[in-house]
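When you get a sec, could you give me coordinates for this:
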Amino acid sequence: MISIALNKMFDRPQLLVLLIFSLTGCASGPAPQRQSAAELEIRGKIADIRAAIMAKSATGIVAHGTPDWTFTGPDAVTFDRAGYLARTEALFARIVAIESLQTTVDRVAFPSTESADIEITQTMVRSERAPETGEITRIGLRYREQHRWIRAAGGWRIQRVSFIGTPERTVYPTRR
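Sure thing, here's the model as predicted:
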C-alpha cells in the first residue's frame, strides 16, 4: 500500500533520492558532545603552547604552567621549569625553521573537578642544524604527550608534561 502511494507521488529517481536521504539520516551516529568551559579553556591554552613552539619561545611553552611544572622526556629524564627552559632554548637555537606543527587533542578526562588528564599528538616538520657539523637536516616528528592540568586561582594550569612512548622521527630531503 505504502509502495503504491509513494510510486504515485514520486517518479523512480526521486524515490531513490528519498530513500538515500532517509538512510543516511539514520546512519549519522551520536550527536557530538558539547565541550565544557574547563575543556575549552584548556584547549585554548594548548593552542597558546602550540603558538609558542612555532615562535620558538621556551618561556611561552611554560607560560601556563604551575610553579612546580615538570617535563619528562622520552628518555624518562624529568626536568623542572629552569632545566626545561635551558634545554629547550638550546634546541630552539639549532632549529632553522619549523615548517609545520599539527596539534591534536586525543583525550580529555576530568578525574575530579580540580584536575584534567589530557593526551595530545603533535606532528611537526622542522629543519635543524647539527651542533657538531653545522649540517642542516629536515625531519618529521610525531610524538604523544600526557598532560596533567589543575584548576588554580587564575584558571587552569598545566602541572606535568610526560612523553608517551618514543617519538617517530623521519628524515626528509632538505629543501633548497
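
Would you state the helices of this structure in chain order?
In the chain, the segments counted as helices under DSSP state H are 2-9, 12-26, 37-54, 58-61, 81-94.

Rounded mean pLDDT for the third one, please.
Here the mean pLDDT over helix 37-54 is 97, rounded to a whole number.

buried ones in it?
In terms of neighbour count (16 or more other Cβ atoms under 10 Å), helix 37-54 has its buried residues at A38, E39, E41, I42, R43, K45, I46, I49, R50, A52, I53. Every residue, glycine included, has its C-beta placed from N, CA and C.

centre of the chain versus that helix, how much separation?
In this view, helix 37-54 has its centroid 9 Å away from the chain centroid, taken as Cα atoms, centre = their mean, to the nearest Å.

Counting neighbours, what do you get for T123?
Residues lying near T123 (other Cβ atoms under 10 Å) number 14.

That one contacts P167, correct?
No - counting by Cβ atoms under 8 Å, T123 does not reach P167; the two are 10.2 Å apart.

Overlap of the contact sets of those two?
Here T123 and P167 have L141, R142 as joint contacts, going by Cβ atoms under 8 Å, 6 or more residues apart in numbering.

F79 touches W69, doesn't it?
No - contact criterion Cβ under 8 Å: F79 and W69 do not qualify, at 9.5 Å.

Not counting its neighbours along the chain, what's nearest G60?
Nearest residue to G60, sequence neighbours excluded (Cβ to Cβ, 6 or more residues apart in numbering): A52, at 2.8 Å.

Report the contact partners of E119.
Residues in contact with E119 (Cβ under 8 Å, 6+ apart) are V105, D106, R107, R144, E145, Q146, H147, I164.

got it, and I118?
Contacts for I118 (Cβ under 8 Å, 6+ apart) come out as I42, I46, V105, R107, V108, A109, Q146, H147, R148, W149.

same thing but at 10 Å, please
I118 makes contact with 39, 42-43, 46, 105-110, 145-149, 158, 161, according to Cβ atoms under 10 Å, 6 or more residues apart in numbering.

so what's it bridging to?
V108, H147 (DSSP bridges).

ok so, going back, could you dump the contacts of E119 to CSV with neighbour count?
As requested, the contacts of E119 are arranged in CSV below (neighbours: other Cβ atoms under 10 Å):
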residue, neighbour count
V105, 15
D106, 12
R107, 11
R144, 19
E145, 21
Q146, 16
H147, 20
I164, 14
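
Looking at those, which is nearest V96?
Proximity of these to V96 (Cβ to Cβ) peaks at E145, which lies at 23.8 Å.
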